[in-house]
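**Student:** Fold the following, please.
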Amino acid sequence: PDHLYEAAAIDGAGAWRRLWSITLPQLSRITAVITVLQILASLKVFDQVYLLTKGGPDNSTRPVVEYVYDVGFTGYRLGYASAISYNFFALVVLASAAQYAALRRREK
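**Tutor:** This is a model prediction of the structure:
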């Protein structure tokens, strides 16, 4: 809101102080949401890596989702691929819960 910037200008706050004390704290919630969504999106990456490198030299760029694909559909080990998928899902849920808890603690 403009009245916050106006009050800060009257108090003598410069541009950097207004940025650090007004703008960034107001953007912290949306920044946290974007961070969580980007982390989850990076865990689900498959098609870009598969099309570009197919795992790269010695599987160095192979994400978990590509490993599940290779084990399940190329190696026909569907039970093992399913178990890996459940573990990966639990990891994603734990990462999301930890991020959410950290954000809740910081807000208080």
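
**Student:** hey, where'd the helices end up in this structure?
**Tutor:** 2-10, 15-18, 24-26, 28-43, 47-52, 64-69, 78-107 (DSSP state H).

**Student:** who touches the shortest one?
**Tutor:** What it means is helix 24-26. Outside helix 24-26, not one residue touches it by Cβ atoms under 8 Å, 6 or more residues apart in numbering. Heads up, the C-betas are built off the backbone N, CA and C, glycines and all.

**Student:** Give the burial count for Ala81, as a bare number.
**Tutor:** Residues lying near Ala81 (other Cβ atoms under 10 Å) number 19.

**Student:** scratch that, Glu66
**Tutor:** Neighbour tally, Glu66, other Cβ under 10 Å: 19.

**Student:** try the one 4 residues further on
**Tutor:** A count of neighbours around Asp70, defined by other Cβ under 10 Å, yields 17.

**Student:** how about CSV for the helices of the chain, with mean pLDDT and distance to Asp58 added?
**Tutor:** Shown next, in CSV, are those (pLDDT from 0 to 100; distance: least, Cβ to Cβ, whole Å):
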stretch, mean pLDDT, distance to Asp58
helix 2-10, 83, 54
helix 15-18, 84, 47
helix 24-26, 86, 42
helix 28-43, 82, 22
helix 47-52, 82, 14
helix 64-69, 88, 14
helix 78-107, 86, 20
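
**Student:** so of these, which one's packed in deepest?
**Tutor:** Mean neighbours per residue, mean count of other Cβ atoms under 10 Å, is largest over these for helix 64-69, with a mean of 17.
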